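Novice: Mind folding the following:
(chains A, B, C and D)
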Amino acid sequence: MNKIVESADAALDGLQDGMTLMVGGFGLCGIPEKSIAALVRRGVKGLTCISNNAGVDDFGLGLLLQTRQIKKMISSYVGENAEFERQMLSGELQVDLIPQGTLAERCRAGGAGIPAFFTPAGYGTEVAEGKETREFNGKMYVLEDWLRADFALVKAWKGDRFGNLVYKRTARNFNPMMAMAGKVTVAEVEELVEPGELDPDEIHTPGIFVNRIFQGKGYEKRIEQRTTRKRN
Amino acid sequence: MNKIVESADAALDGLQDGMTLMVGGFGLCGIPEKSIAALVRRGVKGLTCISNNAGVDDFGLGLLLQTRQIKKMISSYVGENAEFERQMLSGELQVDLIPQGTLAERCRAGGAGIPAFFTPAGYGTEVAEGKETREFNGKMYVLEDWLRADFALVKAWKGDRFGNLVYKRTARNFNPMMAMAGKVTVAEVEELVEPGELDPDEIHTPGIFVNRIFQGKGYEKRIEQRTTRKRN
Amino acid sequence: MALTKEQMAQRIARELKDGYYVNLGIGIPTLVANYVPEGMNIVFQSENGILGMGPFPYDGEEDADLINAGKQTVTLLPGSSIFDSSTSFAMIRGQHVQLTVLGAMEVTDTGDIANWKIPGKMVKGMGGAMDLVASAENIIVCMMHANKAGESKLLKKCSLPLTGVKCVKKVVTDLGVFDITPEGFKLLERAPGLSVEEIKAKTEGRLVVGSDVAEMIL
Amino acid sequence: MALTKEQMAQRIARELKDGYYVNLGIGIPTLVANYVPEGMNIVFQSENGILGMGPFPYDGEEDADLINAGKQTVTLLPGSSIFDSSTSFAMIRGQHVQLTVLGAMEVTDTGDIANWKIPGKMVKGMGGAMDLVASAENIIVCMMHANKAGESKLLKKCSLPLTGVKCVKKVVTDLGVFDITPEGFKLLERAPGLSVEEIKAKTEGRLVVGSDVAEMIL
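Specialist: You can find the predicted model right below:
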């Protein structure tokens, strides 16, 4: 079992124009930097990107907005990005906004073979327009369907050639669910380790969900809101 | 924040006749031995137990069958238990059999605020009788609702006073989902550790799901099918 | 006198109870963490995947892999845990988080809330707000009583697109504390020095005033 | 001659492909693990929460906290992982497990399967079988061609309560290998020394026989 590919470019083999991608990360935390850079190099167009956020102008998915490779974003929050705003207001870019918990659960459902589920989020709002609603125990819920992707691009801290992944701190976020929901799941890691080095009890994403894995070099890991306090 | 209670008996405070309980474990692996023993001592009757299995005659939930404290079992597989068979065939014990994956997902749904979801398991069988079915992408699915319990009794390897839990190997099984779905969740652990000793990245059940925790002593951890091979 | 933002946070902090798990929204709600009473154990949840969030890191100790839902660098306290986004919202939807405090642009006397979208302006998205308001058993909205034009934000009906319906339980503004009741906004406490009449004048929604509304003690 | 159980397992092992994730049911399917071709990487899943399940432990090294879905003590191989039951069935329902091999009491020529309940007898439950058969893209049923009374188990219609409908893709019995096709059981290979006529005589469901059905090579 060896899922290691030599580079981010090799990991995207088969990724074509018009495909639907899931891209892990929350803000700029835990995003697949190297796979995004490879997407820019690959030059594929007309992409639908499912990602909680859309990066900033010059980092994260913002890079793919600059090059106009994205046709549609499916996200929960897309601020902090002037080019995004311009393309959205001009109608160049389609945007589907989804409650964050619903987005996370729809990705998990896609990976877990659950085609639809009921959630209370968005009931009575425009999010529920056109969707089935139903009462359970006196409370109203909205039926939401699964999300799946042609490629899921995720970022982990450590991984092995079986595709087993361990994430670090809040860089975990959407990565585990998206890893489950890709027809082809590409994982980039800061460190490739030998099988057996990761304790089986501590693996966050079992390798079965990962198709290709590679080690990235020189992660920038940009901080979006650097907030600190002074020592007393 | 201190969820530690002094004993299994104290942990069951408020547990009454006729309540619905979730009980973790798969076979005899990862069952809450000490909480089950305390249930026997407590003598509560008419219980509905949601548990993947029903123990063996003289261990696990079998102990509560001997004392006729269980009115109904909700399980996926209930072999290996003669007293169970006798009570079931005589009509003393009600039994709801549920596909194992559906059982796991219904517990998770109960904890996650998802009142119902579609699953392919059981479509076209007696499990789907009386349930809504629906086609998605050319495949048929059954609508299943959440399961929740008055008390969830789970067993972990290590835990801290915040209720954070770590499980060992396949003793994990149903415990994490059941921990999510109890109005009161009681966790018993082999080892209580200080907050901070468990790496935040390695916690399987975040403490928010656990209401009471105690350290059990002298775990029997009986093996149901001891299978070995000879050294060459 | 109208409350300052700090005083609003301070007042909300009095709604905390020992052992609560709490999710604080961006803005004034974040300040509530500064007023947790001495000796009280509160665990803060951040919906990007933290329980037991601590204060901002010391200068030079920021970790790009450890941020809160506002994308700010934060720290972890002993006993904290990290989890993925689906588990985080399982906690929220499953009502394991005992108190949610968030800001709003409009609230109605039946508990509807609007806080994510202004037609004609750039829409950034609802983030986790719709999940939080639809799920929490206990939601406190914390906001200015009137907008910059002086118009009441406590309404009969929201003019902006809704975030959730019939979900808000309590509102703390710079003018007072209100429960949402079947009869409308019930005034519980007045900001120090403010009269019931002044509050009434600035409240468009139905207002219920008991015989003796106490002045807030800060 | 009819195949032995070991030969059936051996034949099924030839359906394995490098890199497959495989779930083996209790009984004959379990034996398939003994016939993985040299150099081929197969990861065995156990639905109680293991990927990368290894052989039974050496005497004295049993761990009560490490069992398979048959409740037998097992070991882990390097690169294995442990997870909870909901994640395990997420793998199964989400079709991440590439091959499922399980036993059956009856199978029909449209791919229905019955393997969990005999009316009038003690019912132990379906365990994970209904999830597995409803979910897997690739299900091989492995069973004796006829029951102890000599009656065919390859039927037009199941007489026992169903475990799943239209799901089985392939059947390996002691008499041959069959694909489930729109026309019925398509005989692919005969057990060594058995004639097509002998197989036909023992098959109640629709049987399709090509012009040249090879004898199995073991």
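Novice: wait, what's in contact with residue 64?
Specialist: If you meant another chain, say so; for now it's chain A. Taking C-beta atoms under 8 Å, 6 or more residues apart in numbering or on different chains as the criterion, A:L64 is in contact with A:I36, A:L39, A:V40, A:L47, A:C49, A:I70. (Glycine included, C-beta is placed from N, CA and C.)
Novice: that answer is for a different chain, and I need it for chain C
Specialist: Applying C-beta under 8 Å, 6+ apart, one finds that C:A64 lies in contact with A:L28, A:C29, A:A171, A:K221, A:R222, A:I223, C:T73.
Novice: so which of these is the most crowded?
Specialist: Within these, neighbour counts (other C-beta atoms under 10 Å in any protein chain shown) peak at A:C29, which reaches 30 neighbours.
Novice: so what's the residue nearest to C:T203 when sequence neighbours are not counted bridging to?
Specialist: The shortest distance from C:T203 to any non-neighbouring residue, by C-beta to C-beta, 6 or more residues apart in numbering or on different chains, is to C:L154 (4.8 Å). Assessed by DSSP bridges, C:L154 has beta-bridge partners C:V107.
Novice: Next step: the contacts of C:A64 restricted to helices.
Specialist: Applying DSSP state H to the contacts of C:A64, no entry is found in helices.
Novice: May I see the residues you listed organised as CSV, with distance to chain D and pLDDT added?
Specialist: Shown next, in CSV, are those (distance: C-beta to the nearest C-beta, whole Å; pLDDT from 0 to 100):
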residue, distance to chain D, pLDDT
A:L28, 28, 97
A:C29, 23, 98
A:A171, 19, 98
A:K221, 26, 97
A:R222, 31, 97
A:I223, 31, 97
C:T73, 31, 97
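Novice: Name the residues of chain C found near chain B, please.
Specialist: For chain C, the residues in contact with chain B (C-beta under 8 Å from any C-beta of the partner chain) are C:19, C:21, C:41, C:43, C:45, C:51-52, C:76, C:78-83, C:86-87, C:89-97, C:135.
Novice: at 7 Å instead, please
Specialist: Within reach of chain B by C-beta under 7 Å from any C-beta of the partner chain, chain C has these residues: C:19, C:21, C:41, C:43, C:51, C:76, C:78-83, C:90-91, C:93-96, C:135.
Novice: before we move on, the earlier item: give me the buried subset of the contacts of A:L64.
Specialist: The neighbour count (16 or more other C-beta atoms under 10 Å in any protein chain shown) marks A:I36, A:L39, A:L47, A:C49, A:I70 as buried among these.
Novice: now the strands: where do they sit in chain A?
Specialist: A:20-23, A:47-50, A:70-75, A:94-97, A:116-119, A:133-136, A:139-145, A:149-159, A:165-166, A:182-192, A:212-215 (DSSP state E).
Novice: just chain C next, same as before
Specialist: Along chain C, counting by DSSP E, strands occupy C:21-24, C:43-46, C:50-53, C:76-82, C:99-102, C:106-108, C:113-114, C:139-142, C:154-155, C:170-172, C:176-181, C:184-190, C:207-215.
Novice: Which parts of chain C are helices?
Specialist: In chain C, the segments counted as helices under DSSP H are C:5-13, C:28-31, C:85-93, C:129-135, C:196-201.
Novice: Out of these, which one sits most buried?
Specialist: Most buried of the helices of chain C, by mean neighbour count (mean count of other C-beta atoms under 10 Å in any protein chain shown): helix C:129-135, with a mean of 29.
Novice: rewinding a little: and the residues of chain C next to chain B near chain A, which?
Specialist: With C-beta under 7 Å from any C-beta as the criterion, those include C:I82, C:R93, C:S135 near chain A.
Novice: A:E105 against A:P120, yeah?
Specialist: No: when contacts are counted by C-beta atoms under 7 Å, A:E105 is not listed as touching A:P120 (11.4 Å).
Novice: of these two, who's got more company?
Specialist: Counted by other C-beta under 10 Å, A:E105 and A:P120 do not tie: A:E105 has more neighbours, with 30 against 25.
Novice: Now that one: closest residue in space, sequence neighbours ignored.
Specialist: Once flanking residues are discounted, A:E105 sits nearest to C:S86: 5.7 Å by C-beta to C-beta, 6+ apart.
Novice: hang on, the earlier thing: using CSV, please lay out the strands of chain C together with mean pLDDT.
Specialist: CSV is the format used below for the strands of chain C (pLDDT from 0 to 100):
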stretch, mean pLDDT
strand C:21-24, 97
strand C:43-46, 98
strand C:50-53, 98
strand C:76-82, 97
strand C:99-102, 97
strand C:106-108, 98
strand C:113-114, 98
strand C:139-142, 97
strand C:154-155, 98
strand C:170-172, 98
strand C:176-181, 98
strand C:184-190, 97
strand C:207-215, 91
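Novice: Am I right that C:I82 is in contact with A:R172?
Specialist: Yes: between C:I82 and A:R172 there is a contact at 6.2 Å, judged by C-beta under 7 Å.
Novice: which residues are in contact with both of the two?
Specialist: The contact sets of C:I82 and A:R172 overlap at C:G49 (C-beta atoms under 7 Å, 6 or more residues apart in numbering or on different chains).
Novice: For A:A171, see how far away the closest residue in space to A:R229 that isn't next to it in sequence is.
Specialist: Once flanking residues are discounted, A:R229 sits nearest to C:F56: 4.7 Å by C-beta to C-beta, 6+ apart. To A:A171, C:F56 is 18 Å away according to C-beta to C-beta, to the nearest Å.
Novice: what does C:K148 give?
Specialist: From C:K148 across to A:A171, the span is 38 Å (C-beta to C-beta).
Novice: Enumerate every residue touching A:F151.
Specialist: A:F151 neighbours (C-beta under 7 Å, 6+ apart): A:L15, A:M19, A:L21, A:G182, A:V184, A:V186.
Novice: next one: C:A9
Specialist: Per C-beta under 7 Å, 6+ apart, neighbours of C:A9: C:I28, C:L31, C:V32, C:N34, C:Y35.
Novice: Dump those residues to CSV, plus pLDDT and distance to A:A128.
Specialist: Output for those, formatted as CSV (pLDDT from 0 to 100; distance: C-beta to C-beta, whole Å):
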residue, pLDDT, distance to A:A128
C:I28, 92, 29
C:L31, 94, 32
C:V32, 96, 30
C:N34, 94, 36
C:Y35, 96, 36
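Novice: so which of those residues would you say is closest to D:G184?
Specialist: Checking those against D:G184 by C-beta to C-beta gives C:V32 as the nearest, at 69.0 Å.
Novice: Could you count how many residues lie near the closest one?
Specialist: Using other C-beta under 10 Å: C:V32 sits among 27 other residues.
Novice: again, but for the one 10 residues further on
Specialist: The tally of other residues near C:I42 (other C-beta under 10 Å) stands at 19.
Novice: distance of it from chain A?
Specialist: Distance of C:I42 to chain A, given as C-beta to the nearest C-beta, to the nearest Å: 19 Å.
Novice: Look up phi and psi at that residue.
Specialist: phi -120, psi 130 (degrees, to the nearest 10).
Novice: Show the contacting residues for it.
Specialist: C:I42 sits next to C:L16, C:Y20, C:V22, C:V36 when contact means C-beta under 7 Å, 6+ apart.
Novice: Not counting sequence-adjacent ones, nearest residue to A:G14?
Specialist: With C-beta to C-beta, 6+ apart as the criterion, A:G14 has its nearest non-adjacent residue at 6.8 Å, and that residue is A:V184.
Novice: And A:I31, by the same measure?
Specialist: Nearest residue to A:I31, sequence neighbours excluded (C-beta to C-beta, 6+ apart): A:G25, at 3.3 Å.
Novice: is it true that the one you found touches A:N173?
Specialist: Yes: counting by C-beta under 7 Å, A:N173 is a contact partner of A:G25 at 6.5 Å.
Novice: Nice, that's everything, thank you.
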